[in-house]
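Colleague: no sequence on hand, only this structure:
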């Protein structure tokens with residue numbers, strides 16, 4: 001029985017909280033819009049746009065008779081994984097830095113690259129990210145060229161082929177203004193709802209006779225309602241007295 005009463009009270013409290021939020025919908029709307037505007041402005045003015053450019057290498061070995069067989073394909077798959085590891089090693093990165101005359105370190109340059117090998121393929125995608133679209137293209141192509149020149153001798157393997165040269169990106173990759181706007185709007189809405197709910201739960205003021213019965217199990221005999229009309233009449237009387245005093 002107590003459990004049932006506890007569940008009933010919980011349902012009533014949740015309904016009351018929901019009703020309170022509906023009454024304060026204008027506050028929620030303002031915070032929703034404010035969060036969207038603030039995060040959009042932060043993304044626009046506070047985050048530099050970045051661009052991505054991708055070059056692709058095709059890695060495969062051939063037999064002496066220049067016919068690709070199953071063993072060659074399996075070996076090509078293994079070599080692709082090896083390339084993926086070695087291309088981000090500091091010897092390769094240092095060669096890219098030297099070739100492009102970059103003022104950076106191999107550790108910092110490594111953060112600009114993302115290497116991916118799609119499943120069941122011998123294709124290695126070299127994605128470079130930069131705040132300059134032209135620089136992103138140069139980074140991707142140069143990494144591919146250095147890997148083709150340096151790694152085959154190191155790995156005692158055949159030189160891979162260029163499957164795709166990088167091109168200059170015609171649109172930015174990040175930031176996504178839509179994503180930041182939605183995230184800001186939701187955070188503004190959640191923050192406002194949290195503040196309203198916290199204030200509601202911490203408010204132990206008795207507002208009505210129903211609150212007396214709910215919290216103290218007492219039924220009031222009567223209540224004295226506030227009268228806006230009485231307050232307005234009293235205000236008018238004071239104004240009238242002031243006018244008579246001036247005369």
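Modeller: That came in fine, so what should we check first? Fair warning: this is a prediction, and the values are worked out from it, not measured in the lab.
Colleague: ok, residue 200 - contacts?
Modeller: 17, 20 (CB atoms under 8 Å, 6 or more residues apart in numbering). The C-beta positions use only the backbone N, C-alpha and C, and glycine is treated the same way.
Colleague: an error on my part: the question was meant for residue 185.
Modeller: In this structure, residue 185 makes contact with 32-33, 35-36, 39, judged by CB under 8 Å, 6+ apart.
Colleague: list buried residues within those residues.
Modeller: By the neighbour-count criterion of 16 or more other CB atoms under 10 Å, the contacts of residue 185 include these buried positions: 32, 35-36, 39.
Colleague: now distance to residue 202 and secondary structure too, for these, in CSV please.
Modeller: What follows is the buried ones among the contacts of residue 185, written out as CSV (distance: CB to CB, whole Å; DSSP: H, G, I helix; E, B strand; the rest coil):
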residue, distance to residue 202, secondary structure
32, 23, helix
35, 24, helix
36, 28, helix
39, 29, helix
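Colleague: relative to residue 17, which of those residues is nearest.
Modeller: Set against residue 17, the nearest of the buried ones among the contacts of residue 185 by CB to CB is residue 32 (18.2 Å).
Colleague: so what's that closest one closest to, chain neighbours aside?
Modeller: Nearest in space to residue 32, with sequence neighbours left out and distances taken as CB to CB, 6 or more residues apart in numbering, is residue 189 at 4.6 Å.
Colleague: neighbours of that neighbour, how many?
Modeller: For residue 189, the tally of surrounding residues (other CB atoms under 10 Å) stands at 18.
Colleague: before we move on, the earlier item: from the contacts of residue 185, which is closest to residue 141?
Modeller: Among the contacts of residue 185, and counting by CB to CB, the member closest to residue 141 is residue 39, at 35.3 Å.
Colleague: can you pull the contacts of that closest one?
Modeller: Counting by CB under 8 Å, 6+ apart, residue 39 touches 180-181, 183-185, 187.
Colleague: rerun at 6 Å
Modeller: 180, 183-184 (CB atoms under 6 Å, 6 or more residues apart in numbering).
Colleague: including neighbour count, could those go into TSV?
Modeller: As requested, the contacts of residue 39 are exported to TSV (neighbours: other CB atoms under 10 Å):
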residue	neighbour count
180	20
183	16
184	22
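Colleague: give me the below-cutoff pLDDT ranges for the chain.
Modeller: Across the chain, the stretches falling below the confidence threshold (pLDDT under 70) are 1-13, 60-78, 204, 206-247.
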